[in-house]
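1. I'll drop the sequence and a predicted model, then ask my questions.
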Amino acid sequence: MFLARDEACIFIDTEGLGESRVRLKVLAVDDDERMRRLLRVNLETEDIEVKEAGTGEECLRLVRDESADLILLDLNLPDGSGWDVLATIRSASESRDIPVIVLSVAPPDASILRRLEPDDFLLKPFDARELTSRVRKVLDKRVFGE
(Lines give C-alpha, C1' and ligand atoms only; values in the text may rest on other atoms or scores of the structure.)
Protein backbone atom coordinates (compact mmCIF):
# COMPACT_ATOMS: atom_id res chain seq x y z
CA MET A 1 0.00 0.00 0.00
CA PHE A 2 1.29 3.45 -0.92
CA LEU A 3 0.35 6.61 1.01
CA ALA A 4 0.89 10.16 -0.17
CA ARG A 5 -0.60 13.43 0.93
CA ASP A 6 -1.79 16.60 -0.71
CA GLU A 7 -3.10 19.22 1.73
CA ALA A 8 -5.79 17.47 3.81
CA CYS A 9 -6.29 14.50 1.52
CA ILE A 10 -4.63 11.12 1.52
CA PHE A 11 -3.98 9.31 -1.71
CA ILE A 12 -3.89 5.54 -1.40
CA ASP A 13 -2.66 3.08 -3.99
CA THR A 14 -3.28 -0.44 -2.79
CA GLU A 15 -0.89 -2.60 -4.79
CA GLY A 16 -1.42 -1.06 -8.21
CA LEU A 17 -5.21 -0.95 -8.04
CA GLY A 18 -5.18 2.80 -8.58
CA GLU A 19 -5.20 5.91 -6.52
CA SER A 20 -8.20 7.02 -4.51
CA ARG A 21 -8.66 10.31 -2.70
CA VAL A 22 -9.70 10.14 0.96
CA ARG A 23 -10.81 13.41 2.56
CA LEU A 24 -9.90 13.74 6.22
CA LYS A 25 -12.76 14.17 8.69
CA VAL A 26 -12.79 16.19 11.92
CA LEU A 27 -15.54 16.15 14.55
CA ALA A 28 -15.99 19.62 16.10
CA VAL A 29 -17.63 19.42 19.54
CA ASP A 30 -18.69 22.68 21.16
CA ASP A 31 -21.91 23.93 22.73
CA ASP A 32 -21.48 27.31 21.02
CA GLU A 33 -22.85 27.17 17.48
CA ARG A 34 -20.70 30.18 16.46
CA MET A 35 -17.55 28.36 17.59
CA ARG A 36 -18.55 25.24 15.64
CA ARG A 37 -19.13 27.41 12.56
CA LEU A 38 -15.72 29.07 13.03
CA LEU A 39 -14.05 25.66 13.29
CA ARG A 40 -15.93 24.43 10.22
CA VAL A 41 -15.09 27.45 8.06
CA ASN A 42 -11.39 27.38 8.96
CA LEU A 43 -10.99 23.65 8.41
CA GLU A 44 -13.08 23.46 5.26
CA THR A 45 -10.75 26.04 3.67
CA GLU A 46 -8.07 23.39 4.25
CA ASP A 47 -10.26 20.79 2.46
CA ILE A 48 -11.04 18.97 5.70
CA GLU A 49 -14.56 17.61 6.15
CA VAL A 50 -16.16 18.75 9.43
CA LYS A 51 -18.97 17.08 11.38
CA GLU A 52 -20.47 18.97 14.32
CA ALA A 53 -21.79 18.06 17.76
CA GLY A 54 -23.21 20.44 20.36
CA THR A 55 -23.26 18.03 23.30
CA GLY A 56 -21.17 15.23 24.75
CA GLU A 57 -23.91 12.71 24.01
CA GLU A 58 -24.06 13.77 20.37
CA CYS A 59 -20.27 13.55 20.17
CA LEU A 60 -20.21 10.01 21.52
CA ARG A 61 -23.00 8.96 19.15
CA LEU A 62 -21.11 10.35 16.13
CA VAL A 63 -17.86 8.72 17.28
CA ARG A 64 -19.69 5.40 17.57
CA ASP A 65 -21.69 5.68 14.30
CA GLU A 66 -19.29 7.51 11.97
CA SER A 67 -15.57 7.59 11.48
CA ALA A 68 -13.45 10.59 12.47
CA ASP A 69 -9.77 11.25 11.98
CA LEU A 70 -9.64 13.85 14.75
CA ILE A 71 -11.90 15.31 17.44
CA LEU A 72 -11.84 18.97 18.53
CA LEU A 73 -13.42 18.82 22.00
CA ASP A 74 -14.62 21.76 24.08
CA LEU A 75 -14.52 21.16 27.83
CA ASN A 76 -17.68 23.09 28.71
CA LEU A 77 -20.62 21.10 27.34
CA PRO A 78 -24.27 21.45 28.38
CA ASP A 79 -24.61 17.79 29.35
CA GLY A 80 -21.34 17.37 31.23
CA SER A 81 -17.62 17.87 31.16
CA GLY A 82 -15.54 17.43 28.05
CA TRP A 83 -13.08 15.54 30.28
CA ASP A 84 -15.80 12.92 30.90
CA VAL A 85 -16.40 12.67 27.16
CA LEU A 86 -12.67 12.26 26.56
CA ALA A 87 -12.49 9.55 29.24
CA THR A 88 -15.32 7.67 27.49
CA ILE A 89 -13.59 8.03 24.11
CA ARG A 90 -10.30 6.75 25.55
CA SER A 91 -11.97 3.79 27.29
CA ALA A 92 -13.68 2.40 24.17
CA SER A 93 -11.56 0.15 21.96
CA GLU A 94 -13.12 1.51 18.75
CA SER A 95 -12.30 5.15 19.59
CA ARG A 96 -9.27 5.16 21.90
CA ASP A 97 -6.86 5.83 19.04
CA ILE A 98 -8.73 8.83 17.60
CA PRO A 99 -6.63 11.92 18.29
CA VAL A 100 -8.32 14.61 20.39
CA ILE A 101 -7.43 18.28 20.65
CA VAL A 102 -9.06 19.83 23.72
CA LEU A 103 -10.35 23.40 23.47
CA SER A 104 -10.89 25.54 26.56
CA VAL A 105 -10.88 29.09 27.90
CA ALA A 106 -8.85 28.01 30.95
CA PRO A 107 -5.60 26.03 31.22
CA PRO A 108 -6.13 22.43 32.33
CA ASP A 109 -4.95 20.78 35.49
CA ALA A 110 -1.71 18.90 34.78
CA SER A 111 -2.92 15.71 36.52
CA ILE A 112 -5.96 15.50 34.23
CA LEU A 113 -3.75 15.99 31.19
CA ARG A 114 -1.48 13.14 32.30
CA ARG A 115 -4.42 10.83 33.04
CA LEU A 116 -6.52 11.41 29.90
CA GLU A 117 -3.72 12.31 27.48
CA PRO A 118 -5.33 14.55 24.88
CA ASP A 119 -3.15 14.84 21.79
CA ASP A 120 -3.04 18.61 22.11
CA PHE A 121 -4.62 21.49 24.01
CA LEU A 122 -5.65 24.83 22.53
CA LEU A 123 -6.67 27.84 24.63
CA LYS A 124 -9.61 29.95 23.45
CA PRO A 125 -9.56 32.40 21.86
CA PHE A 126 -7.12 31.13 19.28
CA ASP A 127 -5.83 32.27 15.93
CA ALA A 128 -7.18 30.45 12.86
CA ARG A 129 -3.64 29.74 11.65
CA GLU A 130 -2.78 28.18 15.02
CA LEU A 131 -5.87 25.97 14.82
CA THR A 132 -5.10 24.69 11.33
CA SER A 133 -1.42 24.22 12.20
CA ARG A 134 -2.23 22.12 15.27
CA VAL A 135 -4.88 20.09 13.44
CA ARG A 136 -2.47 19.37 10.58
CA LYS A 137 0.31 18.41 13.00
CA VAL A 138 -1.90 15.93 14.87
CA LEU A 139 -3.34 14.48 11.64
CA ASP A 140 0.13 14.11 10.11
CA LYS A 141 1.30 12.29 13.22
CA ARG A 142 -1.67 9.92 13.09
CA VAL A 143 -1.57 9.20 9.37
CA PHE A 144 2.15 9.36 8.62
CA GLY A 145 3.72 8.80 12.04
CA GLU A 146 5.43 12.20 11.92
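-> Okay, I see it. Numbers count the residues shown, from 1 in each chain.

2. I'd like the average pLDDT over the helix ranked longest in the chain.
-> The residue-count maximum for a helix in the chain (DSSP state H) belongs to helix 128-144. Mean pLDDT, computed over helix 128-144, is 90.

3. pull the distance from it to the chain's centre.
-> 9 Å (CA atoms, centre = their mean, to the nearest Å).

4. buried ones in that helix?
-> 131-132, 134-136, 138-139, 142 (16 or more other CB atoms under 10 Å). Heads up, the C-betas are built off the backbone N, CA and C, glycines and all.

5. do stretch 39-55 as well
-> 39-40, 42-43, 46, 48, 50-55.

6. do the same with stretch 57-77
-> So for stretch 57-77, counting by 16+ other CB under 10 Å, buried means 58-60, 62-63, 68-75, 77.

7. the strands in the chain, which residues?
-> Secondary structure of the chain by DSSP state E: the strands cover 2-6, 9-13, 19-23, 25-29, 49-53, 70-74, 76-77, 80-81, 100-104, 120-123.

8. before we move on, the earlier item: and which of the buried residues of stretch 57-77 is nearest residue 119?
-> Proximity of the buried residues of stretch 57-77 to residue 119 (CB to CB) peaks at residue 70, which lies at 8.1 Å.
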